[in-house]
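*Asks:* 3D, please:
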Amino acid sequence: MTKIYYRVLQTDGDVIKKLKCYDGLVIEAPILEQYTNFAVSLVSTIERPFFIDPTHKLVLRDLEHVAEKEWLIKVMEAYEISECLQEGEISFEMLWEKLDSFVSAVISYQRERLGKSSGGLELFGVVPRLEPQIILTPYFLIDGIDSESYKLNLEMIKESVALKGKEKLYAVMALERYLISRDLNKLISDFAVEGLDGFCIWISDFREYDEDARMLEKYVEFFKRLSEIGKPVINLYGGTFSIFIGKLGFIDGIVQGIGYGEYRNPFVHATGGYPKRYYIPKLHRSVPIFLAQELLATVPELKCDCEFCAGADILKTREKEVRADSLKKHYMLGRWKEKKADFDELYKDLQETIQLLNKSGMLDRYWDQLRHLENWSKVLEGFSR
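*Replies:* Modelled structure (predicted):
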């Protein structure tokens, strides 16, 4: 069964502690540096596995437009590559010269960073287990099969394998989206380095609900081919369509934020909080509150019966009165229910939802927001035969 991991924000602590409907957490290195005590306390409390995403903010090597840059610089200092920063960009030439120490520092950071910061908890009789479930290889965005970034990522994987201890080591493949349409044989063969225990995938700016059927087919085929190696595959940015792919046996885990982060475009940097959006489980998508209210009023069968929705009438609540933490709880409950359902049950529900929306005229009216349902149905039917 596909595992659900949530990326941690400092505003998510209470929700994560109260609800146990997830399999683990992912802590991004800059978050760990900025909110160290919060991260240590959270991981110590929840008794769920975790792992650290070490270089996602460095994936482009360009720091010019990164928010909260001071924390990323602290991460670079920990990785011993501060001097590789030239005019706001990490120099590949200089990085090659320090590659051994860089890879070693990234691996050590994941193994030791939380443990080194947990000393205060022992004073209260708390002895937390702060070993990550898996270790990730350092990575940068791969922009071509014959590119410098391709060669660098492969070398970092090989050096990570040489440093491997008792923990599970997963290779990260951060790919420009067009690469899943190219030479999969070479891509998968090159990255299937002996000594790896699994793979973490980031397809840049891949929005599962916006893609056409052709691109979704290539997406599923990529995960299918990678899964044939016989090692676990985690999608670092995925949503419900990845849950479906997991039920086909091609994905073992997905990572996302609570109500956000089902995709990430590394070329666009977040500058503020996330707007309030309501997750409609039968649509497998979050939508603005006003649209959720219109859809639910027109098609009552779309209403959710989770713990949050049973106690709150989203149709009669003004947007500003809808609590963000309640939306997060609702989202987590909906995602967990999707995880627990089998493929046939989830697919049948998808078909019935399409029929309901067609009958009400809402599918045509809101085609831009709802077209993913028919695209998913078409693609999943082909792979489930």
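*Asks:* Put the alpha carbons of the helix or strand that contains Phe38 into PDB.
*Replies:* Under the criterion of DSSP states H and E, Phe38 resides in helix 36-46. What follows is helix 36-46, C-alpha atoms only, in PDB (Å, rounded to 0.1, in the frame of the first residue of the first chain):
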ATOM      1  CA  THR A  36      15.300  23.300  14.700                       C
ATOM      2  CA  ASN A  37      13.600  23.000  18.100                       C
ATOM      3  CA  PHE A  38      10.200  22.600  16.400                       C
ATOM      4  CA  ALA A  39      11.400  19.900  14.100                       C
ATOM      5  CA  VAL A  40      13.100  17.900  16.900                       C
ATOM      6  CA  SER A  41      10.100  18.200  19.100                       C
ATOM      7  CA  LEU A  42       7.700  17.100  16.400                       C
ATOM      8  CA  VAL A  43       9.700  14.100  15.200                       C
ATOM      9  CA  SER A  44      10.200  13.100  18.800                       C
ATOM     10  CA  THR A  45       6.500  13.300  19.600                       C
ATOM     11  CA  ILE A  46       4.700  11.700  16.600                       C
END
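*Asks:* Contacts for stretch 203-213, please.
*Replies:* 141, 174-177, 180, 216, 219, 222, 237-242, 262-267, 284-285, 372, 375, 378-379 (C-beta atoms under 8 Å, 6 or more residues apart in numbering). All C-beta spots, glycine's among them, are computed from the backbone N, C-alpha and C.
*Asks:* Excluding sequence neighbours, find me the nearest residue to Pro288.
*Replies:* Counting by C-beta to C-beta, 6 or more residues apart in numbering, Pro288 lies nearest to Arg277, which is 6.0 Å off, once chain neighbours are set aside.
*Asks:* Dihedrals phi and psi, the one you found?
*Replies:* As for Arg277, its main-chain torsions (degrees, to the nearest 10) stand at phi -140, psi 150.
*Asks:* Just the pLDDT at it, thanks.
*Replies:* According to the prediction, Arg277 has pLDDT 91.
*Asks:* That one and Phe290 touch, don't they?
*Replies:* No: the criterion here is C-beta atoms under 8 Å, and Arg277 misses it with Phe290 at 10.5 Å.
*Asks:* The residue nearest to Pro288: neighbouring residues, count only.
*Replies:* By other C-beta atoms under 10 Å, 18 other residues sit near Arg277.
*Asks:* Quick one: residues contacting it.
*Replies:* Gly259, Ser286, Val287, Pro288, Ile289, Ala292, Leu327.
*Asks:* Would you mind stating the distance between it and Arg318?
*Replies:* 15 Å (C-beta to C-beta, to the nearest Å).
*Asks:* now Ala174, nearest residue through space, not along the chain?
*Replies:* The shortest distance from Ala174 to any non-neighbouring residue, by C-beta to C-beta, 6+ apart, is to Trp202 (4.3 Å).
*Asks:* I'd like the average pLDDT over whichever strand or helix holds that neighbour.
*Replies:* Assigned by DSSP H and E, Trp202 falls within strand 198-203. Across strand 198-203, pLDDT averages out at 98.
*Asks:* Using CSV, write out the CA atom coordinates for that strand.
*Replies:* The C-alpha trace of strand 198-203 is given here as CSV (Å, rounded to 0.1, in the frame of the first residue of the first chain):
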residue,chain,number,x,y,z
GLY,A,198,15.3,2.8,-3.8
PHE,A,199,14.5,5.9,-5.8
CYS,A,200,13.0,9.3,-5.1
ILE,A,201,11.5,11.1,-8.1
TRP,A,202,10.9,14.8,-8.7
ILE,A,203,9.4,15.6,-12.1
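*Asks:* continuing past it, what's the next helix or strand?
*Replies:* helix 213-227.
*Asks:* Distance-wise, check Val15 relative to Ile46.
*Replies:* 11 Å.
*Asks:* Looking at those two, which one has more neighbours?
*Replies:* Shown here are Val15 and Ile46; by other C-beta under 10 Å, Val15 has more neighbours (20 against 16).
*Asks:* Hmm, Ile258 and that one touching each other?
*Replies:* Yes: the criterion here is C-beta under 8 Å, and Val15 meets it with Ile258 at 6.6 Å.
*Asks:* and for those two, which residues touch both?
*Replies:* With C-beta under 8 Å, 6+ apart as the test, Val15 and Ile258 both reach Lys328, Met332.
*Asks:* mind listing the strands for the protein?
*Replies:* 3-7, 24-28, 50-53, 85-86, 89-90, 134-136, 168-175, 198-203, 233-235, 253-256, 277-280, 285-288 (DSSP state E).
*Asks:* any chance of those in TSV, plus distance to Asn185?
*Replies:* Output for these, formatted as TSV (distance: least, C-beta to C-beta, whole Å):
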stretch	distance to Asn185
strand 3-7	28
strand 24-28	30
strand 50-53	28
strand 85-86	36
strand 89-90	30
strand 134-136	24
strand 168-175	15
strand 198-203	16
strand 233-235	17
strand 253-256	25
strand 277-280	38
strand 285-288	34
